[in-house]
Structures are given as structure tokens and as C-alpha cells.
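# return atomic coordinates for the entry below.
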Amino acid sequence: VKDSAIERFEIHGASVKPGKEKKPPLDVVLRCESLSDHLCKTDDVSKWKLVSPLQTKADDTTVNSLLKNLGNLKADDSVDLSKETPEKRSSLLKDYGLDSESRKDPKTRRIVVARSGGPTTTVYFGAKSPIGDSTFALVQTGDSTDESKVDVVPGWQLSVFDQKTSYF
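Here you go, the predicted structure:
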């Protein structure tokens, strides 16, 4: 997403395991108001509007900072599931909290980035990795999800899910 103009940026899901949350899952949709100025890229200073759960001006500095962090998000490692049997792959995805049922759960942490004139990318964040402070993640581009590769991303990148709507 680093070089693409971002039309819409969504953050959904709970920061803790389902059933243990003290507050409802985060459900925020932000829209870039600077597309006509050829801005809205991860390194730009753009204007943003919170469009859900209510419509109001967003904190531009906060949203631009979050988008910049997302543009710099890199996996520490990845897990290659391409050589696993479909049954084993399915079992591992379930263990990682990234199976199709988990991805449909509104409490599953996910970030959706809709590019202007391009595909929508959704990153699903599953369970914590047993090694280090990392979390398993799966990327979906458009309607296509590559279940043969699971990324392992730094846990600190997920602090956005600990925020309240008023943060934006």
C-alpha cells in the first residue's frame, strides 16, 4: 500500500481474545478527503473523515501516523503452508486463528485498505505466535486469499486495536 492513494481505511476487531473483551470490538471506517489533491498515500499529510460509527472530522495527525505505520509494516517471518495437505493447512489456519470461520467473525482483528482505483487489501490478525511477541497474519487482496502463506508480524503493530473510537 506504500505507493497507492488510500481512499478508505478500516479497523475492525477486538484487542483481546473473543469472550474476554471488556468493550465492544473496534469498528472504525475512515475516508481520505484529500484524493482530489493527489494525496492520501502513506507518507502524505492528508485530511481524513471518520465515516463510521459516526460522521465527523477525524484527527488527521493520528490517522496519517497510523497509515504510515501500516505502510511500513513488515513481517518478521512467514510460515509456508504450500506443501501441507489441505487437512493440515486447514488445521494450522484454525490454530493460528486465521481459518475462514475466524475471518468471518466481527471480533477478528483486521485492517482493510481500499486503494483509489485499485484492489482492496484486508489483513487479518490471528493468534499470538508462541515465539516472541508476534502475531500470525493473513493477507487478502480483493476476493483472493492466499492460505498457503501466513505472515508473522510484530505484536506492537497491533496497538491500534487497543484504542477507542474517540482516538480517531
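# switch to C-alpha atoms for all contacts and neighbour counts from now on
Will do.
# residues making contact with stretch 133-143?
Residues outside stretch 133-143 that contact it (C-alpha atoms under 8 Å, 6 or more residues apart in numbering): 96-98, 119-129, 145-147, 149-156.
# now for the helix ranked longest in the chain, which elements pack on it?
In the chain, taking DSSP state H as the definition, the longest helix is helix 60-71. Helices and strands touching helix 60-71, as assessed by 3 or more C-alpha pairs under 8 Å, 6 or more residues apart in numbering; DSSP states H and E, are absent.
# which residues touch that helix?
For helix 60-71, contacts defined as C-alpha under 8 Å, 6+ apart pick out 1-2, 42-48, 157, 160, 167-168.
# what subset of the contacts of stretch 133-143 is buried?
96-98, 120-128, 147, 149-154 (16 or more other C-alpha atoms under 10 Å).
# among the contacts of helix 60-71, the buried ones, what's the PyMOL command?
Typed into PyMOL, the next command selects the buried ones out of those (criterion: 16+ other C-alpha under 10 Å):
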select buried, resi 1+42+43+45+46+47+48+157+160+168
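# show me what counts as buried in the helix or strand of the chain at the bottom of the mean pLDDT ranking.
Here the helix or strand of the chain ranked lowest by mean pLDDT, DSSP states H and E is helix 60-71, holding a mean of 88. For helix 60-71, a neighbour-count test (16+ other C-alpha under 10 Å) marks 60, 63-64, 66-68, 70-71 as buried.
# how far off centre is the next helix or strand after it?
Sequence-wise, the next helix or strand downstream of helix 60-71 (DSSP states H and E) is strand 77-80. Centre-to-centre, strand 77-80 and its host chain are 18 Å apart (C-alpha atoms, centre = their mean, to the nearest Å).
# related to what we said a few turns ago, can you put the buried residues of helix 60-71 in JSON lines and add distance to D77?
Output for the buried residues of helix 60-71, formatted as JSON lines (distance: C-alpha to C-alpha, whole Å):
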{"residue": "D60", "distance to D77": "32"}
{"residue": "V63", "distance to D77": "27"}
{"residue": "N64", "distance to D77": "26"}
{"residue": "L66", "distance to D77": "22"}
{"residue": "L67", "distance to D77": "22"}
{"residue": "K68", "distance to D77": "21"}
{"residue": "L70", "distance to D77": "17"}
{"residue": "G71", "distance to D77": "17"}
